[in-house]
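J.: Quick one, structure for this:
(chains A and B)
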Number of protein chains: 2
Amino acid sequence: MNHLFSERVKKAKASEIREILKLTQQPDIISFAGGLPAPELFPIEEMKEVTQKVLDTMGKEALQYSPTEGFDPLRTQIATRMGKQGIKTTKDDILITSGSQQGLDFTGKVFINPEDYVLCESPSYLGAINAFKAYECQFKEIDTDSDGMIMTHLEETIKATPRAKFIYVIPDFQNPSGRTWSLERRKALVDIANRHNLVIIEDNPYGELRFEGTAYPAIKSLDTEERVVYLGTFSKTFSPGLRIGWVCAGKELLSKYITVKQSADLQSSSISQRELAVFLEDYDLDAHVEKIKKVYKHRRDLMMDTMKTHFPESAKYEIPQGGLFAWVVLPESIDSKALMVKAVEKKVAFVPGGSFFPNGGHENTMRVNYSNMPDDKIVEGIIRLGNLLKEEL
Amino acid sequence: MNHLFSERVKKAKASEIREILKLTQQPDIISFAGGLPAPELFPIEEMKEVTQKVLDTMGKEALQYSPTEGFDPLRTQIATRMGKQGIKTTKDDILITSGSQQGLDFTGKVFINPEDYVLCESPSYLGAINAFKAYECQFKEIDTDSDGMIMTHLEETIKATPRAKFIYVIPDFQNPSGRTWSLERRKALVDIANRHNLVIIEDNPYGELRFEGTAYPAIKSLDTEERVVYLGTFSKTFSPGLRIGWVCAGKELLSKYITVKQSADLQSSSISQRELAVFLEDYDLDAHVEKIKKVYKHRRDLMMDTMKTHFPESAKYEIPQGGLFAWVVLPESIDSKALMVKAVEKKVAFVPGGSFFPNGGHENTMRVNYSNMPDDKIVEGIIRLGNLLKEEL
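T.: Got it, this is the predicted structure:
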């Protein structure tokens, strides 16, 4: 039946991370592989309360079809929360999506013709790479340092890439590198996009999870020509299981996303949108995020301290100031995919870093997640990994 | 910024039905336009119970990321329900989607290259037409009568269309025509698809809502070569607000849908899938569907009786044996889009039928929904429409 499939699907392969996650779902494995929030922090009791309230006060609407754009009170609350982060917006600029992954898929659908180019950080988020690839694009990876994309490399690349459509960035606690862009780079990026008439996709699932230091303004807040599309989500601050995220963009861009949403799945869950809206009204999400940050900061510290003691010196890493991930660069002789096989034998898992480079290479890197494992497993898992690394080096 | 948009999005326009629905959301309008279930039948109390149980017994899992394919107990229950309808399948053939609209979108993504052809009933479901169009296909409409597609026309068309990929059908209480395929046509369709090596997409949101007469077997149950993709949904039997549907297909086909689901939105709602699974375990969905059928049958009878008395004789319609819709063919001199404007002035709404023909024409048709309005409004709305038609004819 292969001749019936579309070209895009013939080229696609299942996400490596998802396949690895399957391997690591044995209960005795210590997994630093996924990007899972800590489930013990989920607001289960609050969810019970808000669901009862939603079903008591607006049950019929919660179980009925509802507008494609989203539930207006939730859109308004999101706009208000973004306002606190310096982004001036209204509910009319907000489209509710089924997680920010759907925002990434829609981005591909809105912009990419086959053979168009996406410009992204090197490395970049695997889920975004796969979402864009499904629309048959090519990638140009832009070099990065600890302040974000290197602007001279970006500008050179744009000049050499007439079919570039947008620049995809995760400026806060990037997945996978954990890095955060400086203010100067954020400003320069907007300036470059304006001059070259490109769109910026700002993916910000982790920005609210800053453990220390001062937050930089979102790139969207520096947008002067309505060419920044901001993707947000409640997956890391509330619950990924509800699948509620959003796209924030000016009218011209957002109208395209709304059209795509209609044909993709009509709308996101009527009831989950209302549950979130009631939660945001009745409870304090910021206080909840503070709790999450406290736990994740502790786990990051524990992981970094254990790495410092037990990793060989030739394994290099930076300490992320927030988010869920740390990034480890090993000597070039190491292939982290082969390492992963040995690690799983020792009941510890991570994601081989090569997956995050759309054009390949960099097999000597690895992504480790610190949000999902309790203290004793963080220590034990990092010691096992460290011992394995010492054997290999 | 127009040069940055993809070709597919440049060609797209917002769904006419959704735009019309917006016009008809004034509370004093009698709307036969949407395809909304009766909200007074939604199982609100049961939803309260199952949500508490889900959050009490598996709260962490319900709020966490979960596998792309779906929640296994729900997949198993769906496979069992399909078994009762004569379709032999297992959970491994089931992918949970965000409503069956998402199954339609994925169908486009899995099969369509630009300029490929989709074969569909004439008329066909607008949401499917828009979902497929987003992948830049062309359509060949196959003539239909009250027994379904006309097979000689289908076979002729296939021979003349080398780039046909699949045949899209709604064999039970079709949207918009309300018609149901005969057993003979169902068998003939499978035979033709086998001989010409095409895929069949069987979209079946209404099949369980049969008011009278004997049900025919699903086309999927007649599938001999694993080339039927069956799209199901809980939107019409439980609640559309949860956005839970499914794709049932053999391994080769389903694996493509799973890959597409990964990059589209990772997974459907962890909590809503568990709520449905617990509902199916603790309550009797069949008994609930019986209640829905009783109400809809009554409303259909009332609408048909009122049409018989108040519509001019030149307005032709068949009586659907189930589902949500009736289809009216007016004399060719009537443009139902212009009629719709006058109808909205009289505070009554329907969907102009031309929208359901991907290649245009047939402006003298209209789709009326009888599931969503109470008795008095059905009578009053049909009288108003009848009077308007008499003025126009």
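
J.: Every contact and neighbour count from this point should use C-alpha atoms.
T.: Will do.

J.: Quick one: check stretch A:179-199 for contact with chain B.
T.: Yes - under the criterion of C-alpha under 8 Å from any C-alpha of the partner chain, stretch A:179-199 makes contact with chain B via A:197, A:198.

J.: what's in contact with that stretch?
T.: A:146-151, A:155, A:158, A:164-167, A:171-174, A:200, A:216-217, A:219, A:222-225, A:227-229, A:320-321, B:1, B:4 (C-alpha atoms under 8 Å, 6 or more residues apart in numbering or on different chains).

J.: So what's the model's average confidence on it?
T.: For stretch A:179-199, the mean pLDDT works out to 98.

J.: Can you give me the buried ones in it?
T.: By neighbour count with 16 or more other C-alpha atoms under 10 Å in any protein chain shown, stretch A:179-199 contains the buried residues A:179-183, A:185-186, A:189-190, A:192-194, A:197-199.

J.: Where helices are concerned, which of the contacts of stretch A:179-199 count?
T.: A:151, A:155, A:158 (DSSP state H).

J.: can you pick the most crowded of the residues you listed?
T.: residue A:158 (23 neighbours; other C-alpha atoms under 10 Å in any protein chain shown).

J.: Nearest to residue A:34 among the ones in helices among the contacts of stretch A:179-199?
T.: residue A:151 (30.6 Å; C-alpha to C-alpha).

J.: For the stretch 51-200 of chain A, what lies in contact range of chain B?
T.: Going by C-alpha under 8 Å from any C-alpha, the residues of the stretch 51-200 of chain A near chain B are A:51-52, A:55, A:59-66, A:98-102, A:104-105, A:109-113, A:127-128, A:130-131, A:134, A:165, A:197-198.

J.: just to revisit the earlier point, just the buried residues of the contacts of stretch A:179-199.
T.: Here, 16+ other C-alpha under 10 Å leaves A:148-151, A:155, A:158, A:164-167, A:171-174, A:200, A:216-217, A:219, A:222-223, A:227-229, A:320-321, B:4 buried among the contacts of stretch A:179-199.

J.: State the number of residues packed around residue A:46.
T.: Residue A:46: 14 neighbours (other C-alpha under 10 Å).

J.: State the helix or strand in which it lies.
T.: helix A:44-63 (DSSP states H and E).

J.: Show me which positions of that helix end up buried.
T.: A:44, A:47-48, A:50-55, A:59-63.

J.: That helix - what's its average pLDDT?
T.: 98.

J.: and the next element down the chain from it?
T.: helix A:72-84.

J.: Stretch A:135-147 - what's its average pLDDT?
T.: 97.

J.: Stretch A:29-39 and chain B in contact?
T.: Yes - residues of stretch A:29-39 are located near chain B by C-alpha under 8 Å from any C-alpha, namely A:36, A:37, A:39.

J.: which residues in the stretch 251-393 of chain A form strands?
T.: A:316-317, A:325-329, A:348-349, A:351-352, A:365-369 (DSSP state E, counting those that start in this stretch).

J.: Now tabulate these in CSV and tack on distance to residue B:32 and mean neighbour count.
T.: CSV is the format used below for the strands of the stretch 251-393 of chain A (distance: least, C-alpha to C-alpha, whole Å; neighbours: other C-alpha atoms under 10 Å in any protein chain shown):
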stretch, distance to residue B:32, mean neighbour count
strand A:316-317, 62, 17
strand A:325-329, 52, 23
strand A:348-349, 56, 27
strand A:351-352, 53, 25
strand A:365-369, 52, 26
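
J.: From residue A:223, how far off is residue A:102?
T.: 23 Å (C-alpha to C-alpha, to the nearest Å).

J.: on that earlier part again, on contacts alone, who are the packing partners of the helix holding residue A:46?
T.: helix A:270-282, helix B:44-63 (3 or more C-alpha pairs under 8 Å, 6 or more residues apart in numbering or on different chains; DSSP states H and E).

J.: What lies in contact with it?
T.: Outside helix A:44-63, the residues within contact range by C-alpha under 8 Å, 6+ apart are A:270-271, A:274-275, A:278-279, B:39-40, B:42, B:44-45, B:47-48, B:51-52, B:55, B:59-60, B:239-242.

J.: mind redoing it with 7 Å?
T.: A:270-271, A:274-275, A:278-279, B:39, B:42, B:44, B:48, B:52, B:55, B:59, B:239-242 (C-alpha atoms under 7 Å, 6 or more residues apart in numbering or on different chains).

J.: cool, stretch A:260-278 as well?
T.: A:50-51, A:54, A:62-68, A:70-71, A:73-74, A:96-98, A:106, A:242, B:98-99, B:101-102, B:105, B:127, B:130-131, B:241-243.

J.: PyMOL command to pick out the buried ones of these?
T.: Buried subset of these, written as a PyMOL selection, criterion 16+ other C-alpha under 10 Å:
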select buried, (chain A and resi 50+51+54+62+63+64+65+66+68+70+71+73+74+96+97+98+106+242) or (chain B and resi 98+99+101+102+105+127+130+131+241+242+243)
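
J.: returning to that earlier point: which one of the ones in helices among the contacts of stretch A:179-199 is nearest to residue A:350?
T.: residue A:151 (30.7 Å).

J.: do you know how far that closest one is from residue A:183?
T.: 13 Å.

J.: which residues sit against stretch A:100-120?
T.: A:97, A:128, A:131-132, A:135-142, A:163-169, A:231-233, A:245-247, A:256-257, A:260, B:4-7, B:9, B:263-266.

J.: Name the residue of the stretch 201-350 of chain A that lies nearest to chain B.
T.: Per C-alpha to the nearest C-alpha, residue A:241 is where the stretch 201-350 of chain A lies closest to chain B, at 4.1 Å.

J.: which non-adjacent residue is nearest that residue?
T.: Leaving aside its sequence neighbours, residue A:241 sits nearest to residue B:63 (C-alpha to C-alpha, 6 or more residues apart in numbering or on different chains; 4.1 Å).

J.: before we move on, what about residue A:307?
T.: residue A:382 (6.4 Å).

J.: what does residue A:8 give?
T.: residue A:134 (5.5 Å).

J.: returning to what we had before: quick check: ChimeraX command selecting the buried ones in the contacts of stretch A:100-120.
T.: Buried residues within these, by 16+ other C-alpha under 10 Å, are selected in ChimeraX with:
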select /A:97,128,131,132,135,136,137,138,139,140,141,142,163,164,165,166,167,168,169,231,232,233,245,246,247,256,257,260 /B:4,5,6,7,9,263,264,265,266
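
J.: Just the contacts of stretch A:100-120: which are in strands?
T.: Residues of the contacts of stretch A:100-120 located in strands (DSSP state E): A:97, A:138-142, A:164-169, A:231-233, A:245-247.

J.: Just want the most central residue of chain A.
T.: For chain A, residue A:205 is the residue whose C-alpha lies nearest the centre (C-alpha atoms, centre = their mean; 5.0 Å).

J.: For that one, which three-state class applies?
T.: Following DSSP: H, G, I helix; E, B strand; the rest coil, residue A:205 is assigned to coil.

J.: give the contact list for it.
T.: A:232, A:233, A:236.

J.: Check the gap between the residue lying closest to residue A:75 once chain neighbours are set aside and residue A:83 for me.
T.: Here the nearest residue to residue A:75 in space, its sequence neighbours aside, is residue A:91; by C-alpha to C-alpha, 6+ apart that works out to 4.8 Å. For residue A:91, the distance to residue A:83 equals 11 Å [C-alpha to C-alpha].
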